[in-house]
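> can't give you the sequence, but here's the structure:
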């Protein structure tokens, strides 16, 4: 079945460990649309890990670079971009993404996110908790703050198997 994927700009937003990078890669293979990971691009550009950027320059500097790199995608006609967990919440990024393309909020159950982060270890700059209960409480608080931004996305996918939902979104 031919998908209507020409001139598609997809922005995947959501909590850390919500599956944005994984889904971007899977969608790229399935629909032959180039996929990118915003955090990876920022790290490559600055030649530092996200943790190192936060430690050396602080979050506000990271968010400034992140917003600039995000907006550099305006020149591209077709892509899937896995955004960082906080991307939608700063610099009017969610507004810009909505004006530029299709925003999709990946919103799996909190238990799924907690499990993924417990398995990943201390790789993320804002997540320092390693006890399950503390981590879960921290993430619930983060979710409550960020939800107002994520809810501005044009689409929300909460199911664990999102293939059908993505196909419907790409068909327009």
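Great, that's in hand. This structure is a prediction, so every number in the text was calculated from the model and none was measured.
> Now residue 65: which helix or strand?
Using DSSP states H and E, residue 65 sits in helix 59-71.
> Tell me which helix or strand comes right after the longest helix anywhere in the chain.
Using DSSP state H to define each element, the chain has its longest helix at helix 132-150. As assigned by DSSP H and E, the chain's next helix or strand after helix 132-150 is strand 155-157.
> Against which helices or strands is that next one packed?
Where contact means 3 or more C-beta pairs under 8 Å, 6 or more residues apart in numbering; DSSP states H and E, strand 155-157 is packed against strand 102-106, helix 163-171. Yep, even glycine has a C-beta here, placed from its N, CA and C like the rest.
> ok so, going back, name the helices or strands packed onto the longest helix of the chain?
Right, helix 132-150 is packed against helix 110-120 by 3+ C-beta pairs under 8 Å, 6+ apart.
> buried residues in the helix it packs on?
113-114, 116-117 (16 or more other C-beta atoms under 10 Å).
> Tell me where the model's unsure across this protein.
Low-confidence segments of the chain, defined by pLDDT under 70, span residues 1-7, 120-130, 159-164, 170-172.
> got a list of what the spatially most central residue of it touches?
Residue closest to the average C-alpha location in the chain (C-alpha atoms, centre = their mean): residue 83, at 3.1 Å. Shown in contact with residue 83 (C-beta atoms under 8 Å, 6 or more residues apart in numbering): 11-13, 20, 38, 70, 93, 97.
> before we move on, the earlier item: just name the most buried of the helices and strands packed on strand 155-157.
Stretch with highest mean neighbour count among the helices and strands packed on strand 155-157: strand 102-106 (a mean of 24; mean count of other C-beta atoms under 10 Å).
> sorry, back to before: mind checking which of the helices and strands packed on strand 155-157 is nearest residue 141?
The minimum distance between residue 141 and the helices and strands packed on strand 155-157 falls on strand 102-106, with 18.3 Å, by C-beta to C-beta.
> which helices and strands does the closest one pack with?
Secondary-structure packing of strand 102-106 (3+ C-beta pairs under 8 Å, 6+ apart): strand 9-13, strand 155-157, helix 163-171.
> Recalculate using a threshold of 6 Å.
Applying 3 or more C-beta pairs under 6 Å, 6 or more residues apart in numbering; DSSP states H and E, one finds that strand 102-106 contacts strand 9-13, strand 155-157.
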